[in-house]
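Q: Got a predicted model here, sequence first, then my questions.
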Amino acid sequence: MPDEPADEGVDTRMLRELLHGRLFASDTATPVRLGRFVVEQRLGAGAMGVVWAAHDPELDRRVAIKLLKPEADADELAARLRREAQAMARLAHPNVVAVHEVGVHEGAPFVAMELVDGTTLRQWWSDAPRSISEVLTIFAAAGAGLAAAHDAGLVHRDFKPDNVLIGRDRRARVGDFGLVRGVPGATAQVTTFAEGPTEITHSSALAGTPAYMAPEVFEGAQPSAASDQYAFCISLFEALYGTRPHEAPTLYAMIDARRSGRVSFPPRPRIGRAVQRLLARGLDRDPAARFGSMGALLEALEHARHPSRMPWVVGGAVAAAALALAIGRLDRAPSCAEAAAVISGTWDDTRRAAVQAALADDGLPAGYAGAVAERIEQRLDGWVEGWRAVHAETCAAADEGTRAQQLVERQLLCLERRRRELDGLVAAIESSAAAVTGRALQAAVALPSAEQCGELERLLDELAPPEPAIAPQVAEVRAELARAKSILDVEADAAAALRRAQDALADAQALAYPPLIAEAELRVALATIAKGDLPGAEALLERAYFDAIAAGHEVLALQTAASLLHTIGVRGGRPQDALRWWEHGDALLRKRGHSPRDAHQLGNSRAAVLSELGRHAEAQGVARQAVADAEQGYSADHPNTFSALQNLAGAQLGLAQYEEALAIYERVVAGLERLYGEDHPATASAMANTAIALGDLGRHAEALAQHQRALGIFERTVGEHTMEAGYTLANMANIHSRLGDHDAALASALRAKAALSVALSPDHPRTIMLGGNIGHIYLRLGQLELARASLQETIDALTRIDARQPELPNNLDRLGLVELAAGDCARSLGHHQRALEIAVAVGLPPHTQAYQQLNIGIALDCLGRPGEAIAPLEQAAAVWGEAHGEDSQQVDNARRALAGALVGASRPTDALALVAVSLGRCDTSPCDPSARADVLGLQAEPEQRLGRAHDARVAA
């Protein structure tokens, strides 16, 4: 066989090995690996390196690996790349390709990243004719990814259509952020000019693709956010006009054209002046003259996409006259005669067809998408019928003179506001460029009913309408706020929703109408929460609350207090800090008198916060009342009722009332199936909760099957790196552990942590707590060093959040068990005692504190102090006997530990009595074989102490 070529590169060698494996496949063939990744196929190559598809066996996912060309200082390059990857991991934006890992393979640096199943932006617009609206929408999404990178301190340096990927879910993702920055000796071959290849070798000055470079980069300036903006505008120009600006026969002629600053627009009908002004500014030769940020550019792009929006800040008599003409019929609610035409235009055959087309093109299985689309249509048809009925009743009362004119006007205004909410929802579905089917159905079901406009007493108790002089503008701003809500609810586009809400807030401030300002502040805050900025959202929510109080907008203040409770206490992981907002909200409720809908929202949030604190008995009582309020204020089959029921069941799980919790979860699953269908993510969430209850009841096989079914629905409908998928995987890990399959448990837990790191953040309390679960699994696998490191990291992180964090005792107990397994009984005892101190301080229930009592007893016995161990072990057994029953596994665990301590304390007769009870339980109930062996082993020593040598030999 001839020798291999001396200059064969790592990429060529990998390709040859992969080809050899396929030609001479066998069961024992060694897979081609790049680090820990198993290479599957080559996807493409460029000037900087080659991209491979690979499988990550640790997290069981497919990835894309960019293998860069080997360099002499590969380690230094890899270190720089690793810093970039860490910044990218913190970014975690839906419009950015996720970076997973950086490494070096045989001297060649590589980057492992999300594998996007789809096409490039250039291929997307080339494959089929695209409308101007489609192009602007997809670029708005790509721009949001670029803006998020800039906010995180990253400069792309090579933005172009080939570096934007469009997945099958129709979501745009920007890739290759900064990954070639400063690569020594990097070259880019430019082959699109008549002079032939032009080599650019000074990568520190010229990083990127010349066709998309800003003029200042050609002159030696460092790439910046402004040069990224320039490249974005070139790309958008190319997508709209089919050619780039400043096209020239040579590279140098193109550079000269860019320096001139002139931009000529080819003729294309329907591209408005607003788009051309945006492009001209973004392509200005002076970086300082461009938009101040990508966010500002995107705001201008949003206005260009929706040119019908009119600013309310105008001046002079001419402007005032124009404003009066522009308002048209939006200055009031439609009259009784106009109502039929208005509502028909909001939901008619034309819009029905548009909604059907949007949902059919959603990238989901046709059967699922079709079934959900049918449910949405039925829901909206019923909603419109309800609207017509209330409108007809209102107009009849007005005609008969049986209702005060002031009340009729409030009813008509309420109906018009509801109609605009419907219009915003339909518009969001029609214009969405991402998968929306599941969310659209939830939004349709949650749409506030028009029947609420028939609740006369509540209407009179609500905020008075604005003065007639500003009523039209107020109505328009409220319509924009409804549109922002629908964008968030349907498209899950937090950035777009935030921009629209911020625009509406600016309009509200210009009107100087305090109630509207508070409404807009709340909408901005909710979009900020969706973006993941909890500190910023908290400040906005507080401002909205106090502005609502000052404006007399008490209903809004109650909604805001409930949002603060949940945002701080549940999402933010600071439940103790959140409770003051319950006090604010409760004071308002008592002032206004009990309203079921208002009370439900506040009570439901409070129940969730109390459960986070481990105060499950209080949470149960509050949740029961929230359920009653939801049933009265909405209906027994309303989503808000099901939300309260799930909080009630969660509290019951915390109280070890597993059968009761299971019954509630099964009721919720049945109800959500009626509302959404079996394959909807909301239904899957309830299925996952049902699985938790099944697991707590010891029905592990059923629990695992239910979790797997829920996970499949989540991955098909909302994706892998979501909270829903992360929580389900975490719970599956628990079930695998209970079944003794710790390898499967570890794989699920690692996948869960990866999902939550993206969906929440690596520093979120729920992500941190998964580190404790992983540490516990390592303990069960006997990997004590990994277990200790993971648990200590978790404990330190939780302590930084709150030294009395309710999850600390559990993780301290786990760390104590690690030390026990390592033979350090004294250190083990210290961890368990600290765990008990915190559990008592935060008020964890007795059946939870019993775990600390058990572990303290075991550690004392390990230290040779069995007499001191007896009391905490007896306490644990007594508490669990009352909570779970004398035949429960928890009680049996305590009995076995207590029997060992009794032997050490020279009380063999008492020990044998407990062993007999444990053996009897194994004879009458399912018993783990290892547990039975432990009991038989325990029987031997007291038998020997009592002189029963024959019995002891049999037991041993």
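A: Arrived safely.

Q: can we go C-alpha only for contacts and neighbour counts from here?
A: OK.

Q: hmm, which helix or strand of this structure has the shakiest average pLDDT?
A: None of the helices or strands of the chain scores lower by mean pLDDT, DSSP states H and E than helix 316-327, at a mean of 27.

Q: can you count the residues close to residue 444?
A: Close neighbours of residue 444, defined as other C-alpha atoms under 10 Å, add up to 22.

Q: actually residue 431, not the one I wrote
A: The number of residues near residue 431, taken as other C-alpha under 10 Å, comes to 16.

Q: element containing the closest residue to it other than its chain neighbours?
A: In space, and not counting its chain neighbours, residue 431 is closest to residue 358: 7.7 Å by C-alpha to C-alpha, 6 or more residues apart in numbering. In this assignment (DSSP states H and E), residue 358 forms part of helix 349-360.

Q: Which elements pack onto that helix?
A: helix 366-400, helix 405-431 (3 or more C-alpha pairs under 8 Å, 6 or more residues apart in numbering; DSSP states H and E).

Q: switch to 10 Å and redo it
A: helix 339-346, helix 366-400, helix 405-431, helix 437-446 (3 or more C-alpha pairs under 10 Å, 6 or more residues apart in numbering; DSSP states H and E).

Q: Okay, angle between the third one and helix 349-360 too, please.
A: Translated: helix 405-431. 40 degrees (axes from the mean of the first three to the mean of the last three C-alpha atoms, to 10 degrees).

Q: show me where the stretch 701-850 of the chain has helices.
A: 723-738, 742-759, 765-780, 784-801, 808-821, 825-842, 846-862 (DSSP state H, counting those that start in this stretch).

Q: Point out where the stretch 151-300 of the chain drops to low pLDDT.
A: 177-208, 268-270 (pLDDT under 70).

Q: tell me the SS of the closest residue to residue 499 other than its chain neighbours?
A: In this structure, residue 499 finds its nearest non-sequential neighbour in residue 299, 6.6 Å apart by C-alpha to C-alpha, 6+ apart. Secondary structure, DSSP: H, G, I helix; E, B strand; the rest coil: residue 299 is helix.

Q: Residue 299: what's it in contact with?
A: Residue 299 is in contact with 140, 293, 305, 496, 499, 500, 502, 503, counting by C-alpha atoms under 10 Å, 6 or more residues apart in numbering.

Q: same deal with residue 512?
A: 470, 506.

Q: Return the backbone torsion pair for it.
A: Dihedral angles phi and psi of residue 512 (degrees, to the nearest 10) take the values phi 60, psi 40.

Q: same check, this time on residue 112
A: The phi/psi pair for residue 112 (degrees, to the nearest 10) is phi -100, psi 130.

Q: ok, the residue nearest the centre of the chain to residue 716 distance?
A: Nearest to the geometric centre of the chain sits residue 759, at 3.7 Å (C-alpha atoms, centre = their mean). Note on residue 759: its distance to residue 716, by C-alpha to C-alpha, to the nearest Å, is 16 Å.

Q: Residue 672 now?
A: For residue 672 relative to residue 716 (C-alpha to C-alpha), the value is 18 Å.

Q: After the helix or strand hosting residue 540, heading C-terminal, what element do we hit next?
A: Taking DSSP H and E as the definition, one finds residue 540 inside helix 534-550. Under the assignment DSSP H and E, the closest C-terminal helix or strand after helix 534-550 is helix 554-566.

Q: Which residue ranges make up each domain of the protein?
A: 10-114, 118-305, 331-450, 849-956 (automatic domain parsing).

Q: Might you calculate how far the second one sits from the centre of the chain?
A: A distance of 30 Å separates the centroid of the chain from that of domain 118-305, by C-alpha atoms, centre = their mean, to the nearest Å.

Q: before we move on, the earlier item: could you dump the helices of the stretch 701-850 of the chain into JSON lines with distance to residue 40 added?
A: Listed next are those as JSON lines, based on distance: least, C-alpha to C-alpha, whole Å:
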{"stretch": "helix 723-738", "distance to residue 40": "26"}
{"stretch": "helix 742-759", "distance to residue 40": "21"}
{"stretch": "helix 765-780", "distance to residue 40": "29"}
{"stretch": "helix 784-801", "distance to residue 40": "30"}
{"stretch": "helix 808-821", "distance to residue 40": "39"}
{"stretch": "helix 825-842", "distance to residue 40": "47"}
{"stretch": "helix 846-862", "distance to residue 40": "47"}
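
Q: Nearest approach to residue 521 belongs to which of the ones you listed?
A: Closest approach to residue 521 among these is made by helix 742-759 (24.5 Å; C-alpha to C-alpha).

Q: before we move on, back to that, of all the helices of the stretch 701-850 of the chain, which one is nearest residue 654?
A: helix 846-862 (8.9 Å).

Q: For the closest one, name the packing helices and strands.
A: Using 3+ C-alpha pairs under 10 Å, 6+ apart, helix 846-862 is in contact with helix 808-821, helix 825-842, helix 866-884, helix 889-904.

Q: That one to helix 889-904, inter-axis angle?
A: Using the same axes, to 10 degrees: helix 846-862 against helix 889-904 is 30 degrees.

Q: Would you mind writing the CA trace of helix 846-862 as PDB?
A: Output of helix 846-862 as PDB, limited to C-alpha atoms (Å, rounded to 0.1, in the frame of the first residue of the first chain):
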ATOM      1  CA  PRO A 846     -42.200  18.200  58.600                       C
ATOM      2  CA  HIS A 847     -42.300  15.400  56.000                       C
ATOM      3  CA  THR A 848     -39.500  17.200  54.100                       C
ATOM      4  CA  GLN A 849     -37.500  17.900  57.300                       C
ATOM      5  CA  ALA A 850     -37.700  14.200  58.000                       C
ATOM      6  CA  TYR A 851     -35.100  13.600  55.200                       C
ATOM      7  CA  GLN A 852     -32.600  15.700  57.100                       C
ATOM      8  CA  GLN A 853     -33.500  13.800  60.300                       C
ATOM      9  CA  LEU A 854     -32.800  10.500  58.600                       C
ATOM     10  CA  ASN A 855     -29.500  11.600  57.200                       C
ATOM     11  CA  ILE A 856     -28.400  13.100  60.500                       C
ATOM     12  CA  GLY A 857     -29.100   9.800  62.200                       C
ATOM     13  CA  ILE A 858     -27.200   7.800  59.500                       C
ATOM     14  CA  ALA A 859     -24.200  10.200  59.900                       C
ATOM     15  CA  LEU A 860     -24.200   9.900  63.700                       C
ATOM     16  CA  ASP A 861     -24.300   6.100  63.500                       C
ATOM     17  CA  CYS A 862     -21.400   6.300  61.000                       C
END
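
Q: Can you give the distance of it from its chain's centre?
A: The answer for helix 846-862 is 37 Å, by C-alpha atoms, centre = their mean.

Q: So for that helix, mean pLDDT?
A: Averaged across helix 846-862, pLDDT comes to 92.

Q: Check stretch 577-587 too.
A: Stretch 577-587 comes out with an average pLDDT of 91.

Q: Reformat the contacts of residue 299 as CSV; add secondary structure, distance to residue 894 and neighbour count.
A: Below are those laid out as CSV (DSSP: H, G, I helix; E, B strand; the rest coil; distance: C-alpha to C-alpha, whole Å; neighbours: other C-alpha atoms under 10 Å):
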residue, secondary structure, distance to residue 894, neighbour count
140, helix, 60, 23
293, coil, 63, 15
305, helix, 67, 19
496, helix, 56, 21
499, helix, 58, 19
500, helix, 59, 25
502, helix, 58, 21
503, helix, 62, 21
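
Q: Need the max-distance pair from those residues.
A: 293 and 305 (18.6 Å).

Q: related to what we said a few turns ago, with respect to residue 418, which of the helices and strands packed on helix 846-862 lies nearest?
A: Residue 418 sits nearest to helix 825-842 of all these, at 44.6 Å, using C-alpha to C-alpha.

Q: Give me the helices and strands touching that closest one, please.
A: In this structure, helix 825-842 makes packing contacts with helix 808-821, helix 846-862, judged by 3+ C-alpha pairs under 10 Å, 6+ apart.

Q: The first one: which residues count as buried?
A: For helix 808-821, burial by neighbour count (16 or more other C-alpha atoms under 10 Å) applies to 808-820.
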